[in-house]
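Peer 1: Got a sequence here, can you build the structure:
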Amino acid sequence: MREIVVLSGKGGTGKTSVTAALAVCAAKSDLPGGPPVLADCDVDAADLHLVLAPAIRERHEFMGGDKAVIDAEVCQSCGLCREACRFGAIDEAFRVNEASCEGCGVCAYVCPAGAATLGPRVSGDWFVSETRAGIMVHAALRMGEENSGKLVSTVKKAARAEAQRLGRDILLVDGSPGIGCPVIASLGGASTVLMVAEPTLSAVHDIKRVHALARHFGIPCAAILNKADVCPELTRELAGFCGESGITVLGELPFDPAFVAAQLAGQSVAENAPERYERLFSDIWRRLAAS
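Peer 2: Numbering: from 1, shown residues only. Next up, the predicted model:
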């Protein structure tokens, strides 16, 4: 099974717009193996569902870590747990504020009566859904929660299982921006990284970091240059970097209000402006699928 992971060095470069357009065009493709299974691994700020309108088929809780629990019947109200908790998560009635608790376990360590213990914490939810572009596995962290790298790994594992069940050859992954823990988790098992870059100083800097990360793991890269007409000088710099680094540039996209119009309509740009973008993204998908 091949895994194509769409990444960007920063947010707002058009990564999800590109992923959605590729997914919709791939669903219409006559390539063998059928459409890819989709995985939205940007669990901290998932938004692929805003375009593909998934109908949830399965919902699962994600246990991302531990939280403190104090048994009121055992508690002696000695106050040691409150003194030791540097996060102020235990109130005067010795109840734990889940939003403040970091699950460090110091309360359980200092409690002489054994009233404070650590228990499993529901940190988010993950879903298997039907979309017009095929099966999508996606997730969302709950407010104030962390462990996004673990949740990304959970999403990818479930997406692989769906692809195997359906006999699909490709997994198309919408990754997170940056190069942090969620991105590293997204890269596990990846066959190709598709980098979406725009001609701004920060984006040029950050896409080079994404490439360095992918190179560290030995994953080949391709690129799409978005908003290429905004700053021709930086677009040339991006193209030059790609050429020097052996990165195949699969296409250049203009700055076009059609992308925003498509999002407002709950569509991919390939659906909202097919005369301009359906063939373009179909060709890009064919090249990706064949690489």
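Peer 1: Check the contact between Pro220 and Val193; I expect there is one.
Peer 2: Yes - Pro220 is in contact with Val193 according to C-beta atoms under 8 Å; the separation is 7.3 Å. Backbone N, C-alpha and C define where each C-beta goes, glycine included.
Peer 1: okay, the two: which has more neighbours?
Peer 2: Applying other C-beta atoms under 10 Å to Pro220 and Val193 shows that Val193 carries more neighbours, namely 27 against 14.
Peer 1: For that one, which residues are in contact?
Peer 2: Applying C-beta atoms under 8 Å, 6 or more residues apart in numbering to Val193 gives the contacts Ile4, Val5, Val6, Leu7, Leu187, Val210, Ala214, Ile219, Pro220, Cys221, Ala222.
Peer 1: Is it located within a strand, as I assumed?
Peer 2: Yes - Val193 forms part of a strand when assessed by DSSP: H, G, I helix; E, B strand; the rest coil.
Peer 1: Show the model's pLDDT score for it.
Peer 2: We have a pLDDT of 97 for Val193.
Peer 1: which one of the contacts of Val193 has the most neighbours?
Peer 2: For the contacts of Val193, the largest number of neighbours (other C-beta under 10 Å) sits with Leu7, at 31 neighbours.
Peer 1: If you count contacts, what does the helix or strand containing it end up packed against?
Peer 2: For Leu7, the host element (DSSP states H and E) is strand 2-8. For strand 2-8, the packing partners by 3 or more C-beta pairs under 8 Å, 6 or more residues apart in numbering; DSSP states H and E come out as helix 15-28, strand 170-177, helix 181-187, strand 192-197, helix 201-216.
Peer 1: tell me the contacts of Arg121?
Peer 2: Arg121 makes contact with Met63, Gly64, Gly65, Asp66, Lys67, Glu98, Gly103, Glu145, according to C-beta under 8 Å, 6+ apart.
Peer 1: Kind regards, and thank you for your time.
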